[in-house]
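# I need the structure of the sequence given here:
(chains A, B, C and D)
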Number of protein chains: 2
Amino acid sequence: MKKKIIEKRGECTTELLAIKDAMELLSGKWKVHIIATLTYKGAVRFMDLQRHVEGIGAKMLSKELQDLEVNLLIKRTVLDTKPVTVEYELTPHGKTLEKIIGEIRIWGRSHRKKIIERK
Amino acid sequence: MKKKIIEKRGECTTELLAIKDAMELLSGKWKVHIIATLTYKGAVRFMDLQRHVEGIGAKMLSKELQDLEVNLLIKRTVLDTKPVTVEYELTPHGKTLEKIIGEIRIWGRSHRKKIIERK
DNA sequence: GAAAGTAGTTTCCTTTTGGGAAGTGATTTC
DNA sequence: GAAATCACTTCCCAAAAGGAAACTACTTTC
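Numbers count the residues shown, from 1 in each chain, chains lettered A, B, ... in the order given. Predicted coordinates for the structure are as follows:
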């Protein structure tokens, strides 16, 4: 006989939606790296960002910055200099990521140790 | 005249390596979702996991679980039941992710609010 | 013996992500 | 006037991620 499985979920779903939302923003090769750099350095120009985020190309950097901007995490400011320069910095809302980035950094460090000592 | 830009980095690099390590593990559509489910539910069988992680297919689930296992985050246990069943659960090391998952959840919730009220 | 449940693997396909090279247009420097 | 800098964009391609369906192999239930 088939047993009917009636599961209680409910309270999980909205929590998992929140996680999904956050991970959509943070997943990928560059976003967290860029945000971490802006956290360290404050306002940074495009070319300087490219120099600090090792390995990223102009196309990727441009795309990622647009992504972060529409999600209200960074602010783009065009400066009226001789060759125009553009500065990027975290918004107040972007700065609320500091905690999560901090936790990722701490955990990454301990995980690195763990994996190295296993070998 | 060309200006030589000599930059002080140094202490950043190892921190960014740690972030990179962590993000390689957590990036993607499913990993955090799976870990969060195991955090909530404890030991869970394959088919139950598939039911809880909405939308995931058997192939993806299998691949993601293998990934998490080789990184020492989950433990796979084959149970000697009539049709064999397999249980997955977080290792002690996997459980250290709780904090970071918690932060992601909290931030995701507040971000969700922010984005919704903007519209 | 047919059906269904266990835990996957395999094949084939589409979508997404990422990357290099070159181009743009304005301005400044040599 | 040639070269370089800034902040990109466009094009074209490769690799990775993700997914649907079928298949394996074994056991229990009808």
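# shaky segments in chain A?
For chain A, applying pLDDT under 70 flags the ranges A:1-12, A:119.
# longest helix of it?
helix A:98-118 (DSSP state H).
# ok, is that helix in contact with chain B or not?
Yes: using C-beta under 8 Å from any C-beta of the partner chain, we find that helix A:98-118 touches chain B at A:99-101, A:103-112, A:114-115, A:118. Backbone N, C-alpha and C define where each C-beta goes, glycine included.
# those, buried ones only, as a ChimeraX selection?
The buried subset of the residues of helix A:98-118 next to chain B, as determined by 16 or more other C-beta atoms under 10 Å in any protein chain shown, is captured in ChimeraX by this line:
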select /A:100,101,103,104,105,106,107,108,109,111,112
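# between the residues of helix A:98-118 next to chain B, which sits nearest DNA strand C?
DNA strand C lies nearest to A:Ile104 out of the residues of helix A:98-118 next to chain B, by C-beta to the nearest atom of the strand, at 16.0 Å.
# list the residues that contact that closest one.
Taking C-beta atoms under 8 Å, 6 or more residues apart in numbering or on different chains, we find A:Ile104 in contact with A:Val32, B:Ala18, B:Ile19, B:Ala22, B:Met23, B:Leu26, B:Ile100.
# measure how buried A:Leu16 is and give me the count.
20 (other C-beta atoms under 10 Å in any protein chain shown).
# that one sits in which helix or strand?
Here A:Leu16, judged by DSSP states H and E, is contained in helix A:11-26.
# and that helix, how far from the chain's centre?
Taking C-alpha atoms, centre = their mean, to the nearest Å, one finds the center of helix A:11-26 at 15 Å from the center of the full chain.
# quick check: angle from that helix to helix B:11-26?
Helix A:11-26 runs at 130 degrees relative to helix B:11-26, counting by axes from the mean of the first three to the mean of the last three C-alpha atoms, to 10 degrees.
# so how far is the host helix or strand of A:Val32 off the chain centroid?
Assigned by DSSP H and E, A:Val32 belongs to helix A:31-41. Taking C-alpha atoms, centre = their mean, one finds the center of helix A:31-41 at 8 Å from the center of the full chain.
# contacts only, for the spatially most central residue of chain A.
Centroid-nearest residue in chain A, with C-alpha atoms, centre = their mean: A:Val32, separated by 3.1 Å. Contact analysis of A:Val32 by C-beta under 8 Å, 6+ apart lists A:Leu26, A:Ile101, A:Ile104, B:Ile19, B:Met23.
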